[in-house]
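Colleague: sequence and predicted structure are below.
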Amino acid sequence: MTFWFSFQHYNLVNTAGREFIGLDNYIYFFSSSSLAIAAFNSVLIVVGVVVLTIGIGIGLVLLLDLEFPGSSFARVLAISPFFIMPTVAALIWKNLLLDPVNGLFTTILRAVGLPGVDWFGVFPLMSIITIIAWQWVGFSVLILLTALQSLDRELKEAAAMDGAGSFAIFRFIILPHLARPIGIVVMIETIFLLSVFAEIFVTTSGGPGLASTNLSFLIYVQALLRFDVGLASAGGVISIILANVVAYFLAKAVSRSLEI
């Protein structure tokens, strides 16, 4: 039905004017600057979140792999943000942490003599990337920590006895061992992050302007704010094609790494 509606002029405000218009909806989308901006923002969100979650995840995994009092509890805390609903996570960051008047970060800035910042107004996309990365770093930790704990500790001990330092052990033993799970994390996160919506809807509503609008939110605007089913369906078909192309190449890359 979505594919069929994408070839229709179909607006719920005027259902009597429904007609077949061929590729006009697709031509409008590809000629509109909104699509380019939304696609670029989608890429920025995916790349930003993946880089942050992998980088922070590796750092946390190296710490959580050590044995210390409360290590089991610390591991649970590190993983727990992944199980928080996106809407709840967005509300926590919007009202408790990034609020420009009473937020925690504003309080810290004022304590050192700096003015508060309207994070969602000045840095909308960066704020959304931070929220999503905070959620997904738990997933990265879960996968990478499981993989790291499967590494034979005798291998690291032998390298240390041969004179290898901590950085050399990380560079030549730990990082290659984590290469495959990192690839899996990148693939799964990329597929899911292409459809981010709740965090944007709750915090910035795609603004200011189109500064934080991604493909999912652009389709929402066309369908449920402008009631244009035809244009929204065309955007949905475009998103499905892009997501499947990305998923195909990521799956091929991960499968090749698993064969090595």
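Modeller: Nice, I can see it. Numbering: from 1, shown residues only.
Colleague: ok, and for stretch 194-213, which residues are buried?
Modeller: Neighbour counts over stretch 194-213 (16 or more other C-beta atoms under 10 Å) mark 194, 196, 198-206, 210-213 as buried. C-betas here are computed from N, CA, C, even on glycine.
Colleague: ugh, typo on my part, it should be stretch 94-107
Modeller: By neighbour count with 16+ other C-beta under 10 Å, stretch 94-107 contains the buried residues Lys94, Leu97, Leu98, Asp99, Pro100, Gly103, Phe105, Thr106.
Colleague: okay, and which of those residues map to helices?
Modeller: Counted as lying in helices by DSSP state H, out of those, are Phe105, Thr106.
Colleague: I'd like the buried residues of stretch 94-107 as TSV, with distance to Ala179 and pLDDT appended.
Modeller: TSV is the format used below for the buried residues of stretch 94-107 (distance: C-beta to C-beta, whole Å; pLDDT from 0 to 100):
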residue	distance to Ala179	pLDDT
Lys94	36	93
Leu97	34	93
Leu98	35	92
Asp99	40	92
Pro100	41	90
Gly103	38	90
Phe105	35	92
Thr106	40	91
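Colleague: the helix or strand in which Leu242 is found packs against which elements?
Modeller: According to DSSP states H and E, Leu242 maps onto helix 229-259. Contacts defined by 3 or more C-beta pairs under 8 Å, 6 or more residues apart in numbering; DSSP states H and E place helix 229-259 against helix 2-5, strand 8-11, helix 24-31, helix 33-64, helix 175-193, helix 215-220.
Colleague: from the contact counts, what lies against the second one?
Modeller: Just to be clear, that refers to strand 8-11. strand 14-20, helix 24-31, helix 229-259.
Colleague: spatially central, which residue of this structure would that be?
Modeller: Nearest residue to the geometric centre of the chain (C-alpha atoms, centre = their mean): Leu193, 4.1 Å.
Colleague: do you know how far Leu155 is from Asp162?
Modeller: 11 Å (C-beta to C-beta, to the nearest Å).
Colleague: in TSV, list the helices and strands packed on strand 8-11 along with distance to Val46, mean pLDDT and mean neighbour count.
Modeller: Listed next are these as TSV, based on distance: least, C-beta to C-beta, whole Å; pLDDT from 0 to 100; neighbours: other C-beta atoms under 10 Å:
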stretch	distance to Val46	mean pLDDT	mean neighbour count
strand 14-20	35	81	10
helix 24-31	20	88	16
helix 229-259	9	82	16
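Colleague: can you put those in CSV and add distance to Met187?
Modeller: What follows is these, written out as CSV (distance: least, C-beta to C-beta, whole Å):
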stretch, distance to Met187
strand 14-20, 38
helix 24-31, 27
helix 229-259, 4
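Colleague: how about the ones you listed, which one is nearest Trp136?
Modeller: Across the helices and strands packed on strand 8-11, Trp136 has its closest neighbour in helix 229-259 (15.7 Å, C-beta to C-beta).
Colleague: give me the distance from that closest one to the chain's centre.
Modeller: 15 Å (C-alpha atoms, centre = their mean, to the nearest Å).
Colleague: let the chain start at 626 from now.
Modeller: Will do, 626 is the new start, and the previous item becomes helix 854-884.
Colleague: go through the buried residues of stretch 719-732 and say which is closest to Asp853.
Modeller: Among these, Lys719 lies closest to Asp853 (C-beta to C-beta), at 28.6 Å.
Colleague: wait, the closest one sits on Phe826?
Modeller: No: in this structure, Lys719 is not within contact of Phe826 by C-beta atoms under 8 Å, at 11.1 Å.
Colleague: re earlier: compare Leu780 and Asp787 and say which is more crowded by neighbours.
Modeller: Ranked by neighbour count (other C-beta atoms under 10 Å), Leu780 and Asp787 place Leu780 first, with 13 against 8.
Colleague: host element of the more buried one?
Modeller: Using DSSP H and E, Leu780 sits in helix 778-786.
Colleague: would you put the C-alpha positions of that helix in CSV?
Modeller: Taking C-alpha atoms only, helix 778-786 is exported to CSV below (Å, rounded to 0.1, in the frame of the first residue of the first chain):
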residue,chain,number,x,y,z
ARG,A,778,44.4,-14.3,29.5
GLU,A,779,47.5,-16.5,29.2
LEU,A,780,48.1,-14.8,25.8
LYS,A,781,48.2,-11.4,27.5
GLU,A,782,50.4,-12.7,30.3
ALA,A,783,52.8,-14.3,27.8
ALA,A,784,53.0,-11.0,25.9
ALA,A,785,53.7,-9.1,29.2
MET,A,786,56.5,-11.6,30.1
